[in-house]
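# no FASTA, just this:
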Ligand code: ADP
Ligand code: MG
């Protein structure tokens with residue numbers, strides 16, 4: 001299968017004054033096409049740092065990062081921003097929608113600078129919004145819709161460009177449990193039916209159980225990974241066991 005992300009011997013050191021802090025050390029990770037990978041670990045273990053490096057918004061101190069076989073560490077800012085726009089989709093905990101734009105305009109945002117005609121853009125926005133069940137609220141503003149609808153809008157915006165990779169950092173962190181479950185089902189469908197490749201950071205074992213594979217980080221190190229082989233429930237139980245092993249029991253609840 002095609003490799004979407006290849007991370008080799010990655011390290012990240014934060015320096016503030018005389019202090020150096022190793023946030024990530026010797027991380028090796030491959031993400032293949034159609035993967036749905038969860039990244040778990042205690043707070044402060046380096047999950048967001050790793051995701052931000054894959055997002056090209058932060059740079060490692062050492063190591064290699066290839067996305068779609070391209071060395072993102074060798075790109076200048078101009079190329080990186082195009083690369084982000086065309087190849088990556090982002091979903092954040094706080095949705096990151098623009099309040100002054102409608103749902104439709106928010107979704108269309110990544111296409112705004114493309115060479116597509118407004119007719120084409122409209123067609124694509126309608127297509128993704130139908131897929132995610134929000135086609136009836138396209139003319140509303142973010143403050144007029146629910147949290148779940150806001151997160152669906154963010155997901156539409158993330159997939160409208162057909163990116164190689166969707167990166168999500170705690171995407172259900174601000175949703176109630178029912179809305180969260182619906183949203184996770186949706187990510188699972190995007191992955192299984194549409195073949196979208198997803199990497200999702202979560203501290204929640206239930207959210208992680210929707211993934212096909214979960215990797216565990218502790219103190220900046222990749223501890224191990226587990227793959228879903230049977231039911232979601234069985235996977236959830238194994239995730240809880242691994243969280244206990246790495247001393248992250250507090251996040252092992254639903
Ligand atoms: P997680 O997402 O797993 O909670 P982070 O990746 O945000 O963890 O952070 C990993 C470690 O790196 C933490 O100890 C955090 O305090 C530190 N860190 C993160 N960002 C910075 C920064 N910009 N400057 C200094 N230290 C940072
Ligand atoms: Mg984080």
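Cool, the structure landed. As the structure is a computational prediction, the values presented were derived from the model and not from experiment. Ligands and ions are numbered 1, 2, ... in the order given.

# All the strands of the chain, in order from the start?
Using DSSP state E, the strands of the chain run over residues 3-16, 19-32, 36-40, 62-67, 70-71, 88-92, 165-169, 198-201, 213-218, 221-227.

# Run through the protein and note the low-pLDDT ranges.
Low-confidence segments of the chain (pLDDT under 70): 249-254.

# one more time with 50, if that's ok
Within the chain, the stretches with pLDDT under 50 are 253-254.

# how about the residues of it near ligand 1?
Within the chain, the residues that sit near ligand 1 (Cβ under 6 Å from any ligand atom) are 14, 16, 21, 23, 41, 43-49. Every C-beta, even on glycine, is put in place using the N, C-alpha and C of the backbone.

# Got a quick PyMOL command for the buried subset of those residues?
The buried subset of the residues of the chain next to ligand 1, as determined by 16 or more other Cβ atoms under 10 Å, is captured in PyMOL by this line:
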select buried, resi 23+41+45+46+47+48+49
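
# Widest-spaced pair of the residues of the chain next to ligand 1?
Maximum pairwise distance among the residues of the chain next to ligand 1 (Cβ to Cβ): 22.1 Å, between 16 and 41.

# need the strands of the chain in a markdown table with distance to residue 239, can you?
Output for the strands of the chain, formatted as a markdown table (distance: least, Cβ to Cβ, whole Å):
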| stretch | distance to residue 239 |
| --- | --- |
| strand 3-16 | 22 |
| strand 19-32 | 18 |
| strand 36-40 | 7 |
| strand 62-67 | 26 |
| strand 70-71 | 32 |
| strand 88-92 | 21 |
| strand 165-169 | 17 |
| strand 198-201 | 13 |
| strand 213-218 | 6 |
| strand 221-227 | 7 |
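
# beta partners of the closest residue in space to residue 200 that isn't next to it in sequence?
Nearest residue to residue 200 in three dimensions, chain neighbours excluded: residue 168, at 4.3 Å (Cβ to Cβ, 6 or more residues apart in numbering). Taking DSSP bridges as the rule, residue 168 bridges to residue 91, residue 200.

# State the distance from residue 168 to ligand 1.
Applying Cβ to the nearest ligand atom, to the nearest Å, the value for residue 168 to ligand 1 is 13 Å.

# How many neighbouring residues does that residue have?
Residues near residue 168, counting by other Cβ atoms under 10 Å, number 26.

# for the one 4 residues further on, same thing?
The local packing count at residue 172 equals 26, with neighbours defined by other Cβ under 10 Å.
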